[in-house]
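Participant: sequence first, then the predicted structure, then my questions.
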Amino acid sequence: MHPDPACLALAERRRAFVRALRLTGLVDTAPVAEFIERTRAATPATEDGRGSRTSSTTKG
């Protein structure tokens, strides 16, 4: 998941954390949201409004 509020919202809607962690019930994503906000505040934005970080995945 990208450190982006939109990605977090999508993951929450899709119940991705519950599935990935094989949990039952609700998952408190507040700590993740706080981390994303801190990360975004510390990372300069680019023209598209996203942070300047690049993806760590490479095609090979």
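Facilitator: That came in fine, so what should we check first?
Participant: which residues in this structure form helices?
Facilitator: Along the chain, the stretches classed as helices by DSSP state H are 5-13, 16-20, 30-42.
Participant: would you convert these into a markdown table that also reports mean pLDDT?
Facilitator: Output for these, formatted as a markdown table (pLDDT from 0 to 100):
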| stretch | mean pLDDT |
| --- | --- |
| helix 5-13 | 95 |
| helix 16-20 | 94 |
| helix 30-42 | 92 |
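Participant: now mean neighbour count too, for those helices, in CSV please.
Facilitator: Where C-beta positions appear, they are placed from N, C-alpha and C, glycine not excepted. Shown next, in CSV, are those (neighbours: other Cβ atoms under 10 Å):
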stretch, mean neighbour count
helix 5-13, 14
helix 16-20, 14
helix 30-42, 12
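Participant: show me what contacts Phe35?
Facilitator: Applying Cβ atoms under 8 Å, 6 or more residues apart in numbering to Phe35 gives the contacts Pro3.
Participant: if we go to 10 Å?
Facilitator: 3, 8, 29 (Cβ atoms under 10 Å, 6 or more residues apart in numbering).
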